[in-house]
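> Need coordinates for the following:
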Amino acid sequence: MQPVYTHQSFLKRFLIGQDRQLTVSELTHLLQKFEHEINDTYNMSVDDLIVNTIYQSDSPFTIDTAEMISLEVFPRKVNDIAYEFLLQTGKPQSLDRIIKHITKKTKAQQEQVLRQLYLDKDVRFVQIEGNDRWILTEWEICNDHLYQILLERNITETNLTHIYQLISTQIQRKDEPRRVWMPEQDTRFEVSDNGKVILVLQKHEEVTNMELNNTTNIEQHNIFEKVITHLEQATELLKQRNNQMSDEVVQYFNANNLDAIHLLMEEKQANQDFQQDLMNMFEKWKK
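Reported below is the predicted structural model:
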């Protein structure tokens, strides 16, 4: 299934997607529409999700006396550098990679950068459950879309180069948020160290894929039958032409046209060779 955002990251994205600021009660009311999905995903109610996220001390959200929720953006230099780093690389990055980049950029010590960096409290950064890498809140995960494309094309094994090519040509659209693929927490994808990517089909999709393969096999079988039929017809045409040439040889002999007879003999030999090649091909593919 599609990777799941952490509680905090889910609410960051949800609140950013609203056209105005919300109060806690308004947020609760809106999320009630997704009570079933939230319970299935996070194994908790909407109320528990809000309490366990918004009211935590390390929460990126602030709540005023009117219970209006605000989102924080840390205007610190290290956070801005981290944002630019993800924006430039266009792919998820671990905290270690981010800190190393900031250290190289600012010449500061890693311990100092770590103390100043607040990705979890900055609304611009989000994470996936079970994954320590950070992505930008504005990005969209494209696992579902990619999986569907591979299914439709009956591709169950490919490589990373092909995957990223599909994302850039078939999924990513100009002037739209960045699409990122995160296979680590998605059981539908298996990625090996050598770059091989295997699609792990779900049970109902295995049946569909089997039916598709059967249909393809039937189509291929029909095509082979048509080709064999055409080979038989071509062989018959060559036989007819050879018979005609026998009569033409007699006519040219009576007319004492030796040059024409010579040309007919060359044509007859070529036809016989071609006919034998067709017969060999016919016998091979007819089996």
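
> Going by C-alpha atoms from here, please, whenever you check contacts or count neighbours.
Noted.

> any weak-confidence spans in the protein?
202-228, 231, 245-262, 264, 281-287 (pLDDT under 70).

> tell me the contacts of the residue most central in space within it?
Centroid-nearest residue in the chain: L146, 2.9 Å away (criterion: CA atoms, centre = their mean). For L146, the contact set (CA atoms under 8 Å, 6 or more residues apart in numbering) comprises 166-167, 171.

> Pipe these into a markdown table and attach distance to N194 per row.
Output for these, formatted as a markdown table (distance: CA to CA, whole Å):
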| residue | distance to N194 |
| --- | --- |
| L166 | 19 |
| I167 | 20 |
| I171 | 24 |
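
> contacting residues around I128?
Neighbours of I128 in contact, by CA under 8 Å, 6+ apart: 3-6, 9, 134.

> Make a ChimeraX selection of the buried ones in those.
In ChimeraX syntax, the buried subset of those is picked out as below (16 or more other CA atoms under 10 Å):
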select :3,4,5,6,9,134
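
> sorry, back to before: which of the contacts of L146 tops the neighbour count?
The most crowded member of the contacts of L146, judged by other CA atoms under 10 Å, is I167 (19 neighbours).

> any idea how far it is from H29?
Going from I167 to H29 by CA to CA, to the nearest Å gives 36 Å.

> Just the helices from this protein, written as ranges.
7-16, 24-32, 35-42, 46-51, 77-89, 95-106, 110-116, 143-152, 160-166, 203-254, 258-286 (DSSP state H).

> Does K100 touch Q110 like I think?
Yes - the criterion here is CA atoms under 8 Å, and K100 meets it with Q110 at 7.2 Å.

> Just give me how far stretch 131-145 sits from the chain centre.
14 Å (CA atoms, centre = their mean, to the nearest Å).

> ok, and what's touching that stretch?
1-3, 9, 12-13, 83, 86-87, 91-95, 123-128, 171, 177-186.

> What residues sit buried inside it?
Neighbour-count burial for stretch 131-145 [16+ other CA under 10 Å]: 131, 133-139, 141-143, 145.
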